[in-house]
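S.K.: this one's sequence-less:
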């Protein structure tokens with residue numbers, strides 16, 4: 001047996017190894033590419049990749065075989081050569097399938113390695129049997145087995161490496177790892193081939209030489225196959241890399257699109273795009289909700305369809321700026337499909353494509369509730385809570401605006417400040433609920449009566465102001481002021497009570513003595529207090545009033561200190577029993593001994609004390625001092641007499657009145673029967689509350705009298721309910737009793753009614769003998785007036801008491 005020895009062509013061997021490495025690198029790239037692909041693209045990559053990879057592995061083996069040069073001529077059977085490709089392609093397809101699975105278990109890896117190794121081995125030995133030559137091939141079984149094991153091992157290594165690199169994904173070291181892995185895999189695959197080649201021995205054969213026409217040339221075929229294969233694998237690799245980048249970019253684009261779509265669809269704000277004409281292009285669900293239409297309906301509409309008419313001009317002004325690439329922001333209102341108005345804050349952003357504005361991106365926020373809240377806050381800031389009328393702040397704004405508009409004009413701006421004369425009486429006697437209703441009713445009347453450009457406002461409490469922005473003459477001013485007074489005097493029917501009000505109105509004018517709102521209001525306030533002094537009238541401001549206003553302010557300041565400085569004194573006016581002509585009682589009357597002004601009469605400081613609340617401590621001082629004086633007189637041996645003390649409205653409404661009276665009686669030791677508490681009719685309008693208060697006071701044993709009876713416009717029903725001991729006829733009925741038949745009838749009626757109710761009667765303001773005789777003839781019990789004595793200090797009343805017969 002003559003053995004034929006062969007040798008390898010070095011360049012061709014290098015080419016085969018290069019093909020093996022490149023095929024391995026291709027397999028590594030295809031492993032991740034097949035995994036990333038979806039659907040039909042995945043199947044195409046599997047088939048195309050398996051074909052390219054199989055051809056690459058086959059080419060490596062075939063080129064390596066062609067690199068082996070024998071002493072005899074070698075050609076190949078074409079059909080077997082082609083057939084040998086099939087196992088390589090199948091093995092490659094199996095490899096790509098396995099490495100593209102989400103998870104590759106060990107048993108699957110081993111099984112796949114066996115199949116892939118068998119396929120590669122089949123490809124190798126099929127290719128060897130395609131050889132045509134004058135020689136026989138003798139195989140070494142051990143080396144054949146070794147070559148198969150190398151094929152299986154190489155397959156195991158290849159599958160493991162490709163799977164691991166695919167799972168770990170891209171990293172900074174990924175390219176180098178792929179290259180190193182490709183070298184390792186290429187070496188293993190090449191090793192299988194050269195192990196298989198070592199397993200065969202060639203011996204001479206006596207067969208006739210092959211005809212050249214039916215054979216293939218070896219070296220040319222090797223380089224041709226190698227070149228084509230390298231080109232094919234290169235194309236596959238480049239295609240995979242490029243396609244991966246394309247897919248990666250597409251994925252990023254898709255992800256960006258999804259993010260945009262998510263942001264667009266799930267945005268809490270309404271978002272829509274419109275073209276340059278304002279037609280809707282795209283809307284999100286929030287925009288559908290905001291506008292009330294479906295997206296299908298909106299895409300057939302124009303954005304201007306929804307804008308309220310008064311805001312269309314605003315949009316038409318802003319839109320060209322947006323088209324000029326200037327983003328804009330504005331507050332507009334639109335009409336919802338349901339018909340209600342929606343207020344929005346819109347941001348308009350130009351959409352620029354290919355260097356031109358193709359549309360507008362609109363972000364709309366529903367600010368309806370926010371604007372409503374702002375208006376509510378503004379309303380609270382500029383309107384009175386109780387009446388809803390403009391308040392002091394708005395009145396100032398309106399007045400300032402009217403003054404600005406009236407500059408250099410020949411007309412007046414007038415402000416009329418009014419204060420209700422008897423509001424405190426109603427409020428304290430009938431309660432705050434009644435008082436609030438009165439304030440609201442009067443506010444409604446003022447607002448309704450003075451329409452047009454006249455503004456009626458409530459400044460607080462029972463103070464209102466009316467602003468007349470244009471009055472041509474002083475006569476017009478006085479006419480309007482008189483109309484205001486007459487309007488207020490019209491009766492109000494509230495909760496079953498007919499209320500008759502009067503007001504003091506102060507009027508100030510621009511441009512007379514004031515140039516701004518603050519000065520005008522101050523002047524009107526000064527004029528209002530002057531009107532209050534005259535009662536139920538209006539008064540135009542005059543600069544001379546400032547002096548009196550200043551004096552009033554000083555008086556109020558001194559009044560607050562007077563109690564601490566012990567400047568108050570009590571004077572007393574006797575009450576004479578008309579039957580016995582003895583002094584049966586006195587009325588305590590407070591006087592203010594001012595250190596500079598001397599004796600200040602009550603009409604100057606009592607209203608101030610009422611307004612400031614000082615009437616409460618002052619009233620308690622009067623009560624205590626009067627009781628102490630009466631008790632001291634008794635200790636001096638004078639006969640017991642009735643001490644009359646007036647209660648103010650504020651005192652009568654206080655919850656601690658009972659405790660105060662009881663405490664004073666206990667402190668002074670005065671017999672309660674010697675104290676008569678005097679109230680007015682107006683203080684008893686709240687019948688239920690007044691009854692409770694009077695019954696508690698009566699339980700102490702004191703006497704209770706109604707002062708100024710007949711002037712309170714109240715119901716006489718209280719006379720039979722209240723625990724009253726005495727009525728005091730007002731001096732207005734007594735003064736003309738000699739000449740006025742009506743006054744005589746009224747007095748006679750009061751006396752008859754009181755006696756039938758078993759009440760005592762005291763007549764006030766008795767100044768003549770004739771008045772005394774009339775009262776005595778009609779059964780009046782007591783009289784009080786200048787006929788007997790003016791109010792006098794304590795020492796004088798004591799002397800008067802001693803001079804008057806008491807028995």
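M.R.: Received the coordinates, thanks. Predicted, not measured: the structure shown is a model, and the values here were computed from it.

S.K.: Stretch 360-379: which residues count as buried?
M.R.: 360-367 (16 or more other CB atoms under 10 Å). The way it works is simple: take the backbone N, C-alpha and C, and place the C-beta from them, glycine included.

S.K.: Can you measure across it, start residue to end residue?
M.R.: End-to-end span of stretch 360-379 (CA to CA, to the nearest Å): 37 Å.

S.K.: And for stretch 637-652?
M.R.: 33 Å.

S.K.: now it, how far from the chain's geometric center?
M.R.: Relative to the centre of its chain, stretch 637-652 is centred 59 Å away, using CA atoms, centre = their mean, to the nearest Å.

S.K.: With stretch 387-405 instead?
M.R.: The answer for stretch 387-405 is 27 Å, by CA atoms, centre = their mean.

S.K.: ok, residues contacting that stretch?
M.R.: Stretch 387-405 is contacted from outside by 381-384, 413, 415, 439-440, 443-444, 446-447, 455-460, 464-465, 467, 469-470, 510, 515-518, 520-521, using CB atoms under 8 Å, 6 or more residues apart in numbering.

S.K.: out of these, which are inside helices?
M.R.: 381-382, 439-440, 443-444, 446-447, 517-518, 520-521 (DSSP state H).

S.K.: If any of those are buried, give me the ChimeraX selection for them.
M.R.: Buried residues among the ones in helices among the contacts of stretch 387-405 (16+ other CB under 10 Å), as a ChimeraX selection:
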select :382,439,440,443,446,447,517,520,521
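
S.K.: Looking at the ones in helices among the contacts of stretch 387-405, which one is closest to residue 313?
M.R.: Closest to residue 313 out of the ones in helices among the contacts of stretch 387-405 is residue 382 (27.7 Å), distances taken as CB to CB.

S.K.: What pLDDT is listed against the residue lying closest to that closest one once chain neighbours are set aside?
M.R.: Nearest residue to residue 382, sequence neighbours excluded (CB to CB, 6 or more residues apart in numbering): residue 394, at 4.1 Å. pLDDT, the model's per-residue confidence, is 90 for residue 394.

S.K.: Quick check: which element contains residue 394?
M.R.: helix 392-406 (DSSP states H and E).

S.K.: Can you mark which positions in that helix are buried?
M.R.: By 16+ other CB under 10 Å, the buried positions in helix 392-406 come out as 392, 394-396, 398-399, 402-403, 406.

S.K.: For residue 284, report the pLDDT, please.
M.R.: 90.

S.K.: isn't it right up against residue 265?
M.R.: Yes. The criterion here is CB atoms under 8 Å, and residue 284 meets it with residue 265 at 5.4 Å.

S.K.: who's more crowded, the two?
M.R.: Between residue 284 and residue 265, counted using other CB atoms under 10 Å, the more crowded position is residue 284 (20 against 11).

S.K.: where's that one relative to residue 156, distance?
M.R.: As judged by CB to CB, to the nearest Å, residue 284 and residue 156 stand 54 Å apart.

S.K.: Also residue 197?
M.R.: Distance of residue 197 to residue 156, computed by CB to CB: 22 Å.

S.K.: Check residue 593 too.
M.R.: Taken as CB to CB, the span from residue 593 to residue 156 is 125 Å.

S.K.: same thing with residue 528?
M.R.: Using CB to CB, residue 528 is found at 110 Å from residue 156.

S.K.: So for those two, which sits in the more crowded spot?
M.R.: Between residue 528 and residue 156, counted using other CB under 10 Å, the more crowded position is residue 528 (25 against 18).

S.K.: show me what contacts that one?
M.R.: Taking CB under 8 Å, 6+ apart as the test, what residue 528 contacts is 417-419, 504-506, 539.

S.K.: what's the distance between the residue nearest the centre of the chain and residue 342?
M.R.: In the chain, the residue lying closest to the centroid (CA atoms, centre = their mean) is residue 370, at 6.1 Å. For residue 370, the distance to residue 342 equals 12 Å [CB to CB].

S.K.: Can you list the buried residues in the host helix or strand of residue 109?
M.R.: Counting by DSSP H and E, the element that carries residue 109 is helix 106-129. Buried positions in helix 106-129, judged by neighbour count with 16+ other CB under 10 Å: 109, 112-113, 115-128.

S.K.: For that helix, the averaged confidence score.
M.R.: Per-region confidence: helix 106-129 scores 77 on mean pLDDT.

S.K.: what do you get for stretch 146-163?
M.R.: pLDDT averaged over stretch 146-163 gives 75.

S.K.: That one: how far from the chain's middle?
M.R.: 71 Å.

S.K.: Over to residue 572: give its phi and psi.
M.R.: Dihedral pair for residue 572: phi -130, psi 140, per degrees, to the nearest 10.

S.K.: so it makes contact with residue 590?
M.R.: No. Residue 572 is not in contact with residue 590 according to CB under 8 Å; the separation is 10.7 Å.

S.K.: what about these two, which has more around it?
M.R.: A side-by-side neighbour count of residue 572 and residue 590, using other CB under 10 Å, places residue 572 first with 26 against 21.

S.K.: which residues sit in contact with that one?
M.R.: Applying CB under 8 Å, 6+ apart, the residues near residue 572 are 586-589, 791-794, 797.

S.K.: Please enumerate residues in contact with stretch 464-471?
M.R.: The contact list for stretch 464-471 (CB under 8 Å, 6+ apart) reads 389, 395, 398-399, 402, 405-406, 411-418, 442-443, 446, 450, 453-459, 477, 480, 484, 521, 524.
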